[in-house]
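In: give me a model of this one.
(chains A, B and C)
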Amino acid sequence: MPLWKIHHPAGAYSDADKQEFAEAITGIYTQIPIPAFYVVTIFEEVDGNNIYVGGRSHERFVRIQVDQMARTLPGSVIREWWVHTLDEKIKPFVGDRGYDWEFTCSELPADLWSLQGIVPPPFSSMAEKRWVTENKALAYGQSEMLPASFVAAAENGEVLLAPGIRGG
Amino acid sequence: MPLWKIHHPAGAYSDADKQEFAEAITGIYTQIPIPAFYVVTIFEEVDGNNIYVGGRSHERFVRIQVDQMARTLPGSVIREWWVHTLDEKIKPFVGDRGYDWEFTCSELPADLWSLQGIVPPPFSSMAEKRWVTENKALAYGQSEMLPASFVAAAENGEVLLAPGIRGG
Amino acid sequence: MPLWKIHHPAGAYSDADKQEFAEAITGIYTQIPIPAFYVVTIFEEVDGNNIYVGGRSHERFVRIQVDQMARTLPGSVIREWWVHTLDEKIKPFVGDRGYDWEFTCSELPADLWSLQGIVPPPFSSMAEKRWVTENKALAYGQSEMLPASFVAAAENGEVLLAPGIRGG
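Out: The predicted structure is shown next:
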C-alpha cells in the first residue's frame, strides 16, 4: 500500500512509459517520505469493448483506483492538496496525451496490512524511517514504533509532556 | 465513480450484451439523477481455472465489485432499497441466464475523487445539475456548490432557516 | 465476500496450485465457520512489464487484495491475530516459493452485499448456520436473524437478560 491500479486502453503506454509513470507515482510518496517499496503500480489493459462510460464504449479513458491507508490524510486542507498533487503528477500521462481520466482513492485499515509477513510500522515511526533507508521490510521492536520526532526530541534533551506523563 | 467491475466467464456476454448491461447500470444512476458519465463499467473475463468459489472452480459465476461514494445512501431503508434495486437491474444478465452471482459495494470518500482534474461538485448541488445536463466535467464556483433545492427555494422567495442563520 | 484477488507473475501457479491455494484460503473462513461459498478467489496474472514496486518492474511479486465485511474483526487483539493467520496460510504459496508478497484488507459494508439476490443473514445467526450446512444462499425469515447462541440458550431454558428486557 499504496496500490495504484491503472486501467488503460491498448497501446496507451509503451513499456518505457509505464516505467516512467510508475516512477512518477512512486515519487509522490517518497517525498513524504514513505518507503519506496510500499508503492505498487499495476497496469491493466482494457479494450474498448470492455469499458463503458455513461453506458457508451470509451476508447480513450484511463480509470485509476488508488488504495491508501486510512488516517494518513487528516483534514480537508491536506485532502484537497493531495487530490491536486495526484492530478498534477498524472496529467502528463492522461490529459496531456488526449485521454479522459478519473481516479478514486480508498482508505484501507493500516492494521489489516502485511508486507513479507510483517505488519508495517506506524506512520513516521523510527522503524519506518529505517524501512525508508533500507527500502525493504525488516523486523522491528516496540521501541521503534515511537514517532521519530519524539525520539529526536528526547535525544536533544527536550522533554515532551503529555497529560498523565511526568517529565524527568 | 460509481465504478462497476464485472468479473464474468468467457463467452458470457457478447459485445451487444455488454453494451446493454452497461446501459442498464447507467440507468440506475441517471434516474437519481447523477451525471451519466460518472458511471463506469469494466468487464473482466475470468476463466474457470482462475476463479474459485468455496475452494472449487466455478465456470458460471459473475462477481461484481461496485465502488460508490460514501454518505450517498443514508439509513437502512434506503440501503435495503438500493441493494434490491441493483439486484432487479442485474438479474436479467446473471440469474436469468443461469449464472450464479454476487455483488459488494464499497463506499469511497467523495473528497478523494477526481474527474478530468476536477473534484466533482457536492451531491445534488447546482454544479452537479449542470454536469447532468452537459454530461461532462466543467469548472464551477463556490456558489454552485449550494444544494439545488436551496437555490430553488430562495428563487421562489422562500426563506430557509437554519440554526445560527437569520432570515431577511 | 470475502473476495481474494491474487495478482501473480506468469507461471507462478499451476492449475493444481491455484486449486490448493483457493482451498487454503477457504479453510481460514470455514473454521470460523462461515459458509464456504462466501469465499471467492480470483487469480490474475500480471507480467513484469505491468507491475512496478517502488517504480521498478518486479517479476516475483504477489499482491493480494482481500475484501472483507466490516465489523467482523472487533478490537486490536483479534485484528493482529487475523493478519498473522492469513500470513501463515499464504506463506507456503508466496515466501516459501521465493516470491515477495503483500496483502491488504478492505472492510466493506455488510448491508450493501447481495448473493443470488439475497442479502446474507447476520454474522453467527441461525440463518447463517443453515447456510453453512447447506452451503448455498437460501431464503430466511426474521426469526432466523437472531444469533444462534441466543436461540441455543433460550432452548436450554436459560433466560438472557439485557437492559430494558425483563426475563419471564
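
In: would you mind listing what in chain A touches chain B?
Out: Residues of chain A found near chain B (C-beta under 8 Å from any C-beta of the partner chain) are A:7, A:46, A:49-57, A:61, A:63, A:65-66, A:68, A:73, A:76, A:79-80, A:82-83, A:86-87, A:91, A:95, A:100-107. Every C-beta, even on glycine, is put in place using the N, C-alpha and C of the backbone.

In: narrow those to those in strands?
Out: A:7, A:51-53, A:56-57, A:61, A:63, A:65-66, A:68, A:100-107 (DSSP state E).

In: are any of the residues you listed buried, and which?
Out: Burial by neighbour count, 16 or more other C-beta atoms under 10 Å in any protein chain shown: within those this picks out A:7, A:51-53, A:57, A:61, A:63, A:65-66, A:68, A:100-107.

In: near chain C, which of the residues you listed show up?
Out: Among those, chain C is touched by A:Ser106 when using C-beta under 8 Å from any C-beta.

In: what about A:Phe150, distance to A:Thr133?
Out: 18 Å (C-beta to C-beta, to the nearest Å).

In: should've said A:Arg79
Out: In terms of C-beta to C-beta, A:Arg79 sits 29 Å off from A:Thr133.

In: which of the two has more neighbours?
Out: More crowded of A:Arg79 and A:Thr133, by other C-beta atoms under 10 Å in any protein chain shown: A:Arg79, with 16 against 11.

In: surely that one touches B:Asp111?
Out: Yes - applying C-beta atoms under 8 Å, one finds A:Arg79 in contact with B:Asp111, separated by 5.2 Å.

In: what's the overlap in contacts for these two?
Out: When contacts are counted by C-beta atoms under 8 Å, 6 or more residues apart in numbering or on different chains, A:Arg79 and B:Asp111 have no shared neighbour.

In: dump stretch A:114-124 to CSV, keeping only the CA atoms.
Out: What follows is stretch A:114-124, C-alpha atoms only, in CSV (Å, rounded to 0.1, in the frame of the first residue of the first chain):
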residue,chain,number,x,y,z
SER,A,114,1.0,-7.1,5.8
LEU,A,115,4.3,-7.0,3.9
GLN,A,116,6.5,-10.1,3.7
GLY,A,117,4.7,-11.4,6.8
ILE,A,118,5.3,-8.2,8.8
VAL,A,119,2.7,-5.6,9.8
PRO,A,120,4.4,-2.3,8.6
PRO,A,121,5.4,0.0,11.5
PRO,A,122,3.4,3.2,12.4
PHE,A,123,3.5,6.1,10.1
SER,A,124,6.5,8.4,10.8
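
In: ok, residues contacting it?
Out: A:34, A:38, A:69, A:71-72, A:110-111, A:113, A:127-128, A:131, A:136-140, A:144-145, A:147-149, C:80, C:83, C:86-87, C:91, C:95, C:100-103.

In: how far does that stretch sit from its chain's centre?
Out: 14 Å (C-alpha atoms, centre = their mean, to the nearest Å).

In: and the lowest-mean-pLDDT helix or strand in chain A, what's buried?
Out: Using mean pLDDT, DSSP states H and E, the weakest-scoring helix or strand in chain A turns out to be helix A:148-155, at a mean of 84. Residues of helix A:148-155 classed as buried: A:148, A:151 (neighbour count, 16+ other C-beta under 10 Å).

In: now it, how far from the chain's geometric center?
Out: Here the centre of helix A:148-155 is set off from its chain's centre by 25 Å, with C-alpha atoms, centre = their mean.

In: ok, residues contacting that helix?
Out: Residues outside helix A:148-155 that contact it (C-beta under 8 Å, 6+ apart): A:124-126, A:128-129, A:160.

In: one more time with 7 Å, if that's ok
Out: For helix A:148-155, the surrounding residues in contact (C-beta atoms under 7 Å, 6 or more residues apart in numbering or on different chains) are A:124-126, A:129, A:160.

In: what do you get for stretch A:35-46?
Out: Residues outside stretch A:35-46 that contact it (C-beta under 7 Å, 6+ apart): A:1-8, A:10, A:13, A:18, A:22, A:25-26, A:29-30, A:131-132, A:135-136, B:42, C:7, C:46, C:50-55, C:63.

In: out of the residues you listed, which end up buried?
Out: A:1-8, A:13, A:18, A:22, A:25-26, A:29-30, A:131-132, B:42, C:7, C:46, C:50-55, C:63.

In: flag every residue of chain A that's near chain C.
Out: For chain A, the residues in contact with chain C (C-beta under 7 Å from any C-beta of the partner chain) are A:1, A:3, A:15, A:18, A:22-23, A:26, A:36-37, A:39-43, A:67, A:106, A:108-109, A:111-117, A:119, A:135.

In: of these, which belong to helices?
Out: A:15, A:18, A:22-23, A:26 (DSSP state H).

In: got the residues you listed as TSV, with pLDDT columns?
Out: Listed next are these as TSV, based on pLDDT from 0 to 100:
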residue	pLDDT
A:Asp15	97
A:Lys18	98
A:Ala22	98
A:Glu23	98
A:Thr26	98
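
In: pLDDT at A:Gly167, what is it?
Out: For A:Gly167, the model assigns a pLDDT of 50.

In: sorry, wrong one. I was asking about A:Glu158.
Out: Per-residue pLDDT puts A:Glu158 at 78.

In: separation between A:Ala16 and C:Ser57?
Out: Counting by C-beta to C-beta, the separation of A:Ala16 from C:Ser57 is 11 Å.

In: can you check A:Arg79 too?
Out: A:Arg79 sits 31 Å away from C:Ser57, going by C-beta to C-beta.

In: returning to what we had before: determine which two of the ones in helices among the residues of chain A next to chain C are furthest apart.
Out: Largest separation among these by C-beta to C-beta: A:Asp15 and A:Thr26, giving 16.4 Å.
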